[in-house]
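Participant: Structure, please.
(chains A, B, C and D)
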2 protein chains.
Amino acid sequence: MRLTLQGRVRKRRTISQSFPRVLQLASCEHRATDLAKAKRVQKWQRDPEGMRLRILEAAKQEFAAHGLAGARVDRIATNAGANKRMLYYHVGNKEDLYLAVLEGAYEKIRSEERGLDLEHLDPPEAIERLIDFTWNYFLRNPEFLALLNTENLAKARHLKRSTKVKSMHSPFVEMIRTVVTRGVESGDFRVAVDPVQLYISIAALCFFYLSNSATLSVIFGRDLLKKEARDERLAHMVALVLAALTGKSTADFGKAVGQGVRAPAHQPV
Amino acid sequence: MRLTLQGRVRKRRTISQSFPRVLQLASCEHRATDLAKAKRVQKWQRDPEGMRLRILEAAKQEFAAHGLAGARVDRIATNAGANKRMLYYHVGNKEDLYLAVLEGAYEKIRSEERGLDLEHLDPPEAIERLIDFTWNYFLRNPEFLALLNTENLAKARHLKRSTKVKSMHSPFVEMIRTVVTRGVESGDFRVAVDPVQLYISIAALCFFYLSNSATLSVIFGRDLLKKEARDERLAHMVALVLAALTGKSTADFGKAVGQGVRAPAHQPV
DNA sequence: GAAGAAATTAACCCGTTGGATAAATACTGG
DNA sequence: CCAGTATTTATCCAACGGGTTAATTTCTTC
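Facilitator: A predicted model of the protein is given here:
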């Protein structure tokens, strides 16, 4: 009893105390428009939209770091500089939060994908750009990888319900289709590979390495995320795919391969 | 109060009631040695080793299905046909269970890997066998994929502590090294690709497709696990890797590519 | 400047969960 | 067949964690 009470009080205090420290978080594009006069003055103590963004950002980090079941609503609140009640007020319950985060993640990558213009490049260069983009997007957004894994653990249960995500088509499959067609016509590529399979393969090469870098690093006994290892991996992937498509070993392929992260003979795996 | 009590009672009953039904689970190689006579007679109501195996099997399924945080010790007990106390008695607490499962999973794949003999095959065929094995192992052991993802979510925290796993070297890297060397010497392969990179790439192509099949299936709006899709994927992967290594389009590559799971023009991604 | 809406906070409820205890039961060696 | 050990069961509980309620503060509008 006494203990129970203490426990509770301590918990509460923890939340309250750590609350004031926040505010270093995400995108508060407000706070520029406060002139303290006109009708639309907002000198916010309150900041609904900023709050919502901070909540979603904190939720993203939390879900990415701990998965759906491991995520703690209290931690999200604390890290968003918010009260737990605010999460329910602004977004909804834990699953709502999760779905909002997931949808946001898809929106973001789709949006960046659309920014990639492969039309004016010659086919091999276009493919290289595609791999480079995918690789660097995953590197810059490790939470995206974690979220996808979490959602797959849940057998895509939430994604299935999201009409939003289902309507967000990636432009990449079509981009690849036209690039491959052009490549075959120009003679750069030998075969008209299925764009869906190629798309998945490129994603796979990047995704697996980064998503599983922790276990792989332990298994191989070296840090797969350090600069040299990353560079070598990118070179390998580009060389592999281009060699398969063009039938020629690229300069990179000849160079990168067979050296670099060389296994010391008795390589653990 | 009344409710609280009812809840508890209901739970308890549930465990006890569902207990008798078990016994369809894993490897009970015992029960053949019971002659009900000699010193070592074991006509078990009790069955310590069988019990331990059932617990580990149930734990594997549970952790694979729900992750570490989402796994429920009670469910493991129920599905093992055991009492919760038995888990602690035979294996340990939740994390001990998890680590035991993880180590078991690595042991199993390492053991099967050792059974694969690539020495007597000509290099392209050896690579094809390697891909085929990896693909089918992942298909047959989806829990392995889920466990790896879970462990990576935990940043390999447990794996790092497991001297056991760290000492289990995969024979594949060395296998690949010799195959590639032979391939280059025989002229089958154009370049001496780094065996570690190739190993990771092959695992990546298989792993990502299967591990993410749930979300990918939603995104693409079709079932990526049905027979035809699986066959096409395997063909694509073999063709991709062999084309890169040999510089020639395999028959398969020409065939499989550009057809099959074709995207209906406006393919969602 | 007051009424009302929007945002925020504190308090806490209550089922779940990992884990623990102790008692019962099955088996063994002597 | 008895003492002791190994295995199993039936309860229990403190802490946790998601979610809710009600009150408070801040902003808007008229």
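
Participant: Mind pulling up the pLDDT for the residue nearest to residue A:177 when sequence neighbours are not counted?
Facilitator: Computed as CB to CB, 6 or more residues apart in numbering or on different chains, the closest residue to residue A:177 that is not its neighbour in sequence is residue A:195, at 4.2 Å. To be clear about C-beta, it is placed using only N, CA and C from the backbone, and glycine gets the same treatment. Turning to residue A:195, the model gives it a pLDDT of 97.

Participant: and if you look at the one 5 residues further on?
Facilitator: Looking at residue A:200, its pLDDT is 98.

Participant: In contact with it: list those residues for me.
Facilitator: Residues counted as contacts of residue A:200 (CB atoms under 8 Å, 6 or more residues apart in numbering or on different chains) are B:208, B:209, B:216, B:233.

Participant: doesn't residue A:173 make contact with the residue nearest to residue A:177?
Facilitator: Yes - assessed by CB atoms under 8 Å, residue A:195 is found in contact with residue A:173 at 5.1 Å.

Participant: picking up where we left off before, tally of neighbours for the residue nearest to residue A:177?
Facilitator: 23 (other CB atoms under 10 Å in any protein chain shown).

Participant: Would you mind listing the buried residues in stretch A:173-181?
Facilitator: A:173, A:174, A:175, A:176, A:177, A:179, A:180 (16 or more other CB atoms under 10 Å in any protein chain shown).

Participant: Can you lay out those as CSV showing secondary structure and pLDDT?
Facilitator: Shown next, in CSV, are these (DSSP: H, G, I helix; E, B strand; the rest coil; pLDDT from 0 to 100):
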residue, secondary structure, pLDDT
A:173, helix, 95
A:174, helix, 95
A:175, helix, 95
A:176, helix, 96
A:177, helix, 96
A:179, helix, 97
A:180, helix, 96
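
Participant: And these, which is closest to residue B:146?
Facilitator: Proximity to residue B:146 was ranked across the buried residues of stretch A:173-181 by CB to CB; first place goes to residue A:173, at 27.1 Å.

Participant: What separation do you get for the closest residue to residue A:132 other than its chain neighbours and residue B:209?
Facilitator: Closest residue to residue A:132 apart from its sequence neighbours, by CB to CB, 6+ apart: residue A:234 at 7.0 Å. Separation of residue A:234 from residue B:209 (CB to CB, to the nearest Å) stands at 21 Å.

Participant: Which secondary structure elements does the strand or helix carrying the residue nearest to residue A:132 sit against?
Facilitator: Assigned by DSSP states H and E, residue A:234 falls within helix A:227-246. Counting contacts by 3 or more CB pairs under 8 Å, 6 or more residues apart in numbering or on different chains; DSSP states H and E, helix A:227-246 packs against helix A:123-140, helix A:195-211, helix A:251-256, helix B:195-211, helix B:227-246.

Participant: what's the average pLDDT for the third one?
Facilitator: Going back to what we said before, that points to helix A:251-256. For helix A:251-256, the mean per-residue pLDDT is 54.

Participant: What residue spans form the domains of chain A?
Facilitator: Using automatic domain parsing, the domain parsing of chain A gives A:15-28+A:45-92, A:104-269.

Participant: winner for burial among these?
Facilitator: Comparing the domains of chain A by mean neighbour count (mean count of other CB atoms under 10 Å in any protein chain shown), domain A:104-269 comes out on top with a mean of 19.

Participant: Mind putting the buried residues of stretch A:173-181 into JSON lines with distance to DNA strand D?
Facilitator: Converted to JSON lines, those look like this (distance: CB to the nearest atom of the strand, whole Å):
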{"residue": "A:173", "distance to DNA strand D": "36"}
{"residue": "A:174", "distance to DNA strand D": "39"}
{"residue": "A:175", "distance to DNA strand D": "40"}
{"residue": "A:176", "distance to DNA strand D": "40"}
{"residue": "A:177", "distance to DNA strand D": "43"}
{"residue": "A:179", "distance to DNA strand D": "45"}
{"residue": "A:180", "distance to DNA strand D": "46"}
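
Participant: could the residues you listed be laid out in JSON lines, adding distance to residue B:162?
Facilitator: Converted to JSON lines, the buried residues of stretch A:173-181 look like this (distance: CB to CB, whole Å):
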{"residue": "A:173", "distance to residue B:162": "41"}
{"residue": "A:174", "distance to residue B:162": "45"}
{"residue": "A:175", "distance to residue B:162": "43"}
{"residue": "A:176", "distance to residue B:162": "41"}
{"residue": "A:177", "distance to residue B:162": "45"}
{"residue": "A:179", "distance to residue B:162": "44"}
{"residue": "A:180", "distance to residue B:162": "44"}
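
Participant: With just CA atoms, put stretch A:216-226 into CSV.
Facilitator: Taking Å, rounded to 0.1, in the frame of the first residue of the first chain, the C-alpha atoms of stretch A:216-226 are listed here in CSV:
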residue,chain,number,x,y,z
LEU,A,216,25.4,-8.7,-38.9
SER,A,217,27.9,-6.5,-37.2
VAL,A,218,28.0,-8.9,-34.2
ILE,A,219,28.2,-11.9,-36.4
PHE,A,220,31.0,-10.5,-38.6
GLY,A,221,32.7,-8.9,-35.7
ARG,A,222,33.1,-5.5,-37.3
ASP,A,223,31.1,-2.3,-37.6
LEU,A,224,29.1,-2.4,-40.8
LEU,A,225,27.9,1.1,-40.4
LYS,A,226,31.2,2.9,-40.5
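
Participant: and that stretch with chain B, contact?
Facilitator: Yes - under the criterion of CB under 8 Å from any CB of the partner chain, chain B is reached by stretch A:216-226 at A:216, A:217, A:218, A:219, A:220, A:221.

Participant: Return the closest of these with respect to DNA strand D.
Facilitator: Using CB to the nearest atom of the strand, the shortest approach to DNA strand D within these belongs to residue A:218, at 26.3 Å.

Participant: give the contact list for the closest one.
Facilitator: Contacts of residue A:218 by CB under 8 Å, 6+ apart are B:156, B:159, B:160, B:165, B:166.

Participant: and which of the residues you listed is nearest DNA strand D?
Facilitator: Closest approach to DNA strand D among those (CB to the nearest atom of the strand): residue B:156, at 21.8 Å.

Participant: Quick check: the closest one touching residue A:212?
Facilitator: No - using CB under 8 Å, residue B:156 is not in contact with residue A:212; the gap is 9.1 Å.

Participant: Overlap of the contact sets of these two?
Facilitator: With CB under 8 Å, 6+ apart as the test, residue B:156 and residue A:212 reach no residue in common.

Participant: how about the nearest residue to residue A:225, chain neighbours excluded?
Facilitator: residue A:213 (5.4 Å).

Participant: go on, residue A:162?
Facilitator: residue A:103 is the one closest to residue A:162 (CB to CB, 6+ apart), at 5.9 Å.

Participant: Just give me how far the host helix or strand of the one you found sits from the chain centre.
Facilitator: Secondary structure from DSSP H and E places residue A:103 in helix A:94-114. Distance of helix A:94-114 from the chain centroid (CA atoms, centre = their mean, to the nearest Å) equals 9 Å.

Participant: Can you work out which other helices and strands pack against that helix?
Facilitator: Counting contacts by 3+ CB pairs under 8 Å, 6+ apart, helix A:94-114 packs against helix A:48-70, helix A:73-79, helix A:123-140, helix A:142-153, helix A:157-161, helix A:163-166.

Participant: what's the angle between the third one and helix A:142-153?
Facilitator: Computed with axes from the mean of the first three to the mean of the last three CA atoms, to 10 degrees, the direction of helix A:123-140 lies at 90 degrees from that of helix A:142-153.

Participant: next one: the longest one
Facilitator: With the same axes, to 10 degrees defining the directions, helix A:48-70 sits at 50 degrees from helix A:142-153.
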